[in-house]
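Q: next one to model:
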Amino acid sequence: MLLLRFACLVIAVLMPLAGAAQEITVSAAASLTNAFKELAQRFEANTPGATVRLNVGASGSLYQQISQGAPADVFASADRVTMDRAAKEALIVAGSRVDFASNSLVLIEPLHGGVAIRSVQDLVRPEVKRIAIGKPATVPAGRYTRQALESAALWDNLGPRFVQADSVRQVLDYVGRGEVEAGFVYATDAAAMKDRVKVVATVSGHEPISYPIAVVAASGRRELAGRFVSFLSSATAREILARHGFGT
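A: Predicted structure coming up:
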């Protein structure tokens, strides 16, 4: 009886550990939120016993978390620059990196009560008092925005009107609530809130928007993390990404 109780105790202790071994944390750019929720569910359905925990935020902030030792198994960035930094510091597994999606930068205004903006040139109009952008230092969308406005010779002129946000989703919220007259977000974000914002222009003059993903070097679950990265290249994942507005 004593041996039976001991065996039951061992099983009770090991079961949570076995379950934990099948859980991975995916740190993903905020613009991937909706798509990755569905991708995580599909991956779990296709991988018995696996659990995906999502940690979403600005790519730069996620990179900083990983560099400071925060637990993460997979890193998906909204730009190549941030992933390049992670690679340079050996924060990701060499050879695991894959570019899996693309996006577009758009200019948006509130769906109702806007000032009828039609292009980035309209942003100099006096009635446009506040323009929401992601912080260029940590938010890739903010860096793309800066490149585009510098190409249009508008960055310095519009500087006093900028309301800098911690993520592209925060920019979307500012515009959706009518707290600013305009904002720069990804096309996928605008599509997710089309009941509150409208796209007035697709923005050019910036580097191509590409999303890389890689296994985090400090991960204790590299095999499962690698399976998740590989899953994003599958036909199933591509269909989900396309449905959420991402390009290949």
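Q: please enumerate the strands of this protein.
A: In order along the chain, the chain carries the following strands (DSSP state E): 23-29, 51-57, 74-76, 98-103, 105-110, 131-134, 162-165, 182-186, 197-202, 209-215.
Q: how far off centre is the shortest one?
A: The reference is to strand 74-76. Strand 74-76 sits 9 Å away from the centroid of its parent chain (CA atoms, centre = their mean, to the nearest Å).
Q: which helices and strands sit right next to it?
A: strand 23-29, helix 59-67, strand 209-215, helix 222-231 (3 or more CB pairs under 8 Å, 6 or more residues apart in numbering; DSSP states H and E). Placement of C-beta: from N, CA and C, glycine included.
Q: sheet partners, orientation included, of it?
A: strand 23-29 (parallel), strand 209-215 (antiparallel) (DSSP bridges).
Q: can you give me the mean pLDDT across that strand?
A: The average pLDDT for strand 74-76 rounds to 98.
Q: buried sites along that strand?
A: Residues 74, 75, 76 are the ones in strand 74-76 that count as buried (16 or more other CB atoms under 10 Å).
Q: I'd say the second one and residue 213 touch.
A: Read it as residue 75. Yes - using CB atoms under 8 Å, residue 75 makes contact with residue 213 at a distance of 6.9 Å.
Q: before we move on, the earlier item: and the strands of the chain as CSV, adding distance to residue 241?
A: Formatted as CSV, the strands of the chain follow (distance: least, CB to CB, whole Å):
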stretch, distance to residue 241
strand 23-29, 12
strand 51-57, 15
strand 74-76, 11
strand 98-103, 5
strand 105-110, 17
strand 131-134, 21
strand 162-165, 24
strand 182-186, 13
strand 197-202, 19
strand 209-215, 9
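Q: out of those strands, which is closest to residue 234?
A: Of all the strands of the chain, it is strand 98-103 that lies closest to residue 234, at 10.2 Å by CB to CB.
Q: pull out the buried positions in the closest one.
A: Buried, per 16+ other CB under 10 Å, within strand 98-103: 100, 101, 103.
Q: residue 236: which of the residues you listed is nearest?
A: residue 100 (12.8 Å).
Q: I figured that closest one was touching residue 213, is that so?
A: Yes - using CB under 8 Å, residue 100 makes contact with residue 213 at a distance of 5.5 Å.
Q: overlap in contacts, those two.
A: 76, 232 (CB atoms under 8 Å, 6 or more residues apart in numbering).
Q: ok, now which ones touch the closest residue to residue 74 other than its chain neighbours?
A: Excluding its sequence neighbours, the residue lying closest to residue 74 (CB to CB, 6 or more residues apart in numbering) is residue 26, at 4.4 Å. Contacts for residue 26 (CB under 8 Å, 6+ apart) come out as 36, 40, 52, 53, 54, 55, 72, 73, 74, 76, 228.
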